[in-house]
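In: the amino acid sequence is not available; the structure is as follows:
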C-alpha cells in the first residue's frame, strides 16, 4: 500500500451448483493463490458459495445452512491473510432471503451488503427468491459472528486513508442509479461488484463499457468479478469475464471463458487527487455506517504498466487519431483568432526546428479552414551567430514544400548594433549574448506583422513553458501561441504523423530531417564543422523525463517521492535512479523559478488535460518556494 497503491484481484473460481463444501475449497484455494501474489483485495462472484443458478434450491434450509458453514470455513482460512475478501452467498434475515456480499478480513466478518436491484426480466427470476436489500444497516449474527447487514456500508482501512471500500452486486451496476453512486459520494474510492452476468452476443463489450464508465463517472477504482465455469447451463452460460478499471481506464481483464483472474494495482491516492480537484464531486455520507479494518502496509513492485510517455498514446491508431485532433484544435483556434482580428497574414518565425515546424503546419491548416491560400502565411527565417546550414536549409525547404511566403532577415548586424548600445562584449557568450538574439527576432516578427497587418504565431511548447526554456519577452511572447498546450514528446509524434500522411515526398523528406535534428535554440556560434553547438537536452535534461514529471505534477499533484517511484518503474533499464533523481530535482527548480514567464502568456488553444495557461488552468505565485519539494527529494537520496 505504498504511495496509495493496492493490489486487487477479481477472480472466478470453478464451482458446483449447490455444493457449498466444494465451492469453499475452490474459494480457499483462490485465496491462497491471491495471497501468494500479495493481493490485498480479492473480489469473488455473486453467490459463489452456492452457485448463482440454484433456482428454487435457494428456498431450502439445507442450502442456506451449507452456505453459512462454508462462510465459516472461509473466515477461518482468511486468518493471517493480509487481504480483504468479498464472497457472495444467500443470507436469511427476519424471514426474508437476501443476495449478499460478505466482506471479511483476517478472520473477521466486517459486514454483509445485500443486493439492491433484483432483475426479474428475461432469463432472471431473482424476486422469486430474494428481497431487495435494506439501506440502513442492521445487526445480524452469521457464521457465529456479530456483524451488520445493509447496503449503505463502507469499509475503511486504518493504515491507508485513501482506501475506502463500497460494495454492490451485479444488477446494481446495470440500474439507472447504481448504489455505487452514493457509495462514492459517501467516500468509497474502490467499488467491488460481485456479479453473475450470463454471456450473450455483444454483452462483453457492453459490460466493459459499463465498468469503465462507472469508474470514470465516480472517479474510483472498480472491481468486477463474474460467475464462471460450473454454473448450471440449463438456459445460460457464464464466461468469468473479470474486469478492473480505474477512473475510466481498463487496467486488467480476463478473456471470457478463459478462467484465471484479473490482477493489477489501483492507485487510490490518484482517485483522491481527482476528486479533490473536481468541484462537481460533492461528498454526502448521510445514512452510511463505516467499519474499520487493518491491513499491513507492504511495498509493492508494480505490475501495472506505467507509460514512459504519458502524453502519447501507445496504440498507433489512437496516436494518429490524437495527432489529427490536436492539429484540428490548434488550427481552429488560430483560424478564429485570425478571423476576429482580421489579420491579413499569419507570421511565423521559422528556424528549421520542431516547434516552429509544427506552428507553420498549423498556420497553413488554419488558412485552409478560412479558405485562404498557403501564401497567406509569412515565414521568416532570421539567421544569426548560431544558425547552421542544416536548419537554415530545412527552413527554406519546408516553406517551399508548403507553398508559404518565405523571407530571410539576417539579424546579425542588428544584434551587433544592440550589443554596442548596451556595452555587451560580442565575444562573451553569456545569457545576454543569447537573449539579445531571441528578443531581436521577436522585434522583427512583431514589427513585420504590424507592417503587413499580420498576427505573430508563437512556437513555444508546453515542455519549454514548464522549464522556462524561453527568453522572457523574446520567443516567450507572441500574439497567439498555438503550441502552448502541446508537450515536446507529442510535438515529435504530430510532425511524424504529418510526414507519414502528407502524401508529398518533398515535404515528407524535410519533415523527417527536422525530426532527426537535435533540439537547439541555436544561440551560440556553431562548431567549426558546422554542427549545432548547443543542444537543449544536454542543458535541461531529456524531454521525455521532463514531460513524464510534468504530467504527474500538473495532472495529479503527486509528491516528488511518488513521481520518482513511478519514474523508476517507467524508465527501468533506461535511466539509473540517480539520473532520474538528478533531472527531477532540476525540473522542480526550474518549474518553480520560471513561473513568472507563465503568468503572462499569450492566448493559445487548450489541447489536453495538462496545460499551463494562467487563465484558470494553472495559477501559482511567481515567488513560491520549492523548499518542501526539494526536502522530499533530499530524503529520497538519503
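Out: In hand now; what should we look at? Here the structure is a predicted model, which is why all the values come from computation and not from measurement. Residues are numbered from 1 along each chain as shown.

In: where does the closest residue to residue 504 other than its chain neighbours fall, secondary structure wise?
Out: Distances taken as C-beta to C-beta, 6 or more residues apart in numbering put residue 401 closest to residue 504, at 6.3 Å, once the chain neighbours are dropped. No exception for glycine: its C-beta is placed from N, CA and C like everyone else's. For residue 401, the element it lies in under DSSP states H and E is helix 389-402.

In: please state the offset of that helix from the chain centre?
Out: 37 Å (C-alpha atoms, centre = their mean, to the nearest Å).

In: now swap in stretch 463-476 and tell me
Out: Using C-alpha atoms, centre = their mean, the offset of stretch 463-476 from its chain centre is 26 Å.

In: what does stretch 629-638 give?
Out: Centroid separation for stretch 629-638 versus its chain: 25 Å, with C-alpha atoms, centre = their mean.

In: same question for stretch 401-411.
Out: 40 Å.

In: can you pull the buried residues of that stretch?
Out: Buried positions in stretch 401-411, judged by neighbour count with 16 or more other C-beta atoms under 10 Å: 401-402, 404-406, 411.

In: stretch 51-65 too?
Out: 51-54, 57-58, 63-64.

In: re the thing from before, so for whichever helix or strand comes after the helix holding residue 401, mean pLDDT?
Out: Where DSSP H and E defines the elements, the next helix or strand beyond helix 389-402 is strand 405-408. Across strand 405-408, the average pLDDT comes to 96.

In: what is the end-to-end distance of stretch 572-583?
Out: End-to-end distance of stretch 572-583: 15 Å, with C-alpha to C-alpha, to the nearest Å as the criterion.

In: whoops, stretch 182-199 was the one
Out: End to end - C-alpha to C-alpha - stretch 182-199 spans 28 Å.

In: centre of the chain to that stretch, how far?
Out: How far stretch 182-199 lies from its chain's middle: 21 Å, per C-alpha atoms, centre = their mean.

In: so which elements touch the lowest-mean-pLDDT helix or strand in the chain?
Out: Least confident helix or strand of the chain, by mean pLDDT, DSSP states H and E, is helix 536-540 with a mean of 79. If you count contacts as 3 or more C-beta pairs under 8 Å, 6 or more residues apart in numbering; DSSP states H and E, helix 536-540 packs onto helix 543-556.

In: in the helix or strand just after the helix it packs on, what's buried?
Out: The helix or strand immediately downstream of helix 543-556 is helix 560-570, counting by DSSP H and E. Going by neighbour count (16+ other C-beta under 10 Å), the buried part of helix 560-570 is 560, 562-568, 570.

In: just to revisit the earlier point, in the least confident helix or strand of the chain, what's buried?
Out: 536-537, 540.

In: need those in CSV (columns: distance to residue 312).
Out: Shown next, in CSV, are these (distance: C-beta to C-beta, whole Å):
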residue, distance to residue 312
536, 19
537, 17
540, 20
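
In: ok, the residues you listed vs residue 307, which is closest?
Out: residue 537 (19.9 Å; C-beta to C-beta).

In: please list all residues in contact with that closest one.
Out: 518-519, 543 (C-beta atoms under 8 Å, 6 or more residues apart in numbering).

In: buried among those residues? Need that as a selection in ChimeraX.
Out: Restricted to buried positions by 16+ other C-beta under 10 Å, the ChimeraX selection for the contacts of residue 537 reads:
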select :519,543
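
In: and of the contacts of residue 537, the nearest to residue 109?
Out: residue 543 (53.0 Å).

In: go ahead and confirm that closest one touches residue 469.
Out: No: counting by C-beta atoms under 8 Å, residue 543 sits too far from residue 469 to count as a contact (9.7 Å).

In: make TSV from the buried residues of stretch 401-411 and add distance to residue 370 to it.
Out: Converted to TSV, the buried residues of stretch 401-411 look like this (distance: C-beta to C-beta, whole Å):
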residue	distance to residue 370
401	21
402	16
404	14
405	16
406	20
411	30
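
In: what's the most distant pair in these?
Out: Across the buried residues of stretch 401-411 (C-beta to C-beta), the longest gap, 24.6 Å, separates 401 and 411.

In: could you pull out the strands for the stretch 151-300 of the chain?
Out: Ranges of strands in the stretch 151-300 of the chain, per DSSP state E, counting those that start in this stretch, are 153-157, 164-169, 190-194, 221-225, 243-246, 249-253, 261-267, 289-293.

In: check the stretch 401-550 of the chain too.
Out: Secondary structure of the stretch 401-550 of the chain (DSSP E, counting those that start in this stretch): strands at 405-408, 454-458, 480-481.

In: out of the ones you listed, flag the one nearest residue 183.
Out: Nearest of those (C-beta to C-beta): strand 480-481, 43.0 Å.

In: picking up where we left off before, now for residue 543 and residue 469: what residues contact both?
Out: The contact lists of residue 543 and residue 469 share 463, 536, where a contact means C-beta under 8 Å, 6+ apart.

In: before we move on, the earlier item: now the buried residues of helix 560-570 in JSON lines, with distance to residue 286?
Out: Shown next, in JSON lines, are the buried residues of helix 560-570 (distance: C-beta to C-beta, whole Å):
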{"residue": "560", "distance to residue 286": "38"}
{"residue": "562", "distance to residue 286": "33"}
{"residue": "563", "distance to residue 286": "37"}
{"residue": "564", "distance to residue 286": "40"}
{"residue": "565", "distance to residue 286": "37"}
{"residue": "566", "distance to residue 286": "36"}
{"residue": "567", "distance to residue 286": "41"}
{"residue": "568", "distance to residue 286": "43"}
{"residue": "570", "distance to residue 286": "41"}
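
In: so which of the residues you listed would you say is closest to residue 595?
Out: residue 560 (17.3 Å).

In: the closest one against residue 628, yeah?
Out: No: contact status for residue 560 versus residue 628: not in contact, 9.1 Å apart, counting by C-beta under 8 Å.

In: how about low-confidence regions in the stretch 1-150 of the chain?
Out: 1 (pLDDT under 70).

In: what are the ranges of the helices in it?
Out: Applying DSSP state H, counting those that start in this stretch to the stretch 1-150 of the chain gives helices spanning 20-36, 61-77.

In: got the buried residues for the helix holding residue 401?
Out: 390-392, 394-399, 401-402.

In: swap in stretch 623-635?
Out: Buried residues in stretch 623-635 (16+ other C-beta under 10 Å): 626, 629, 632-633.
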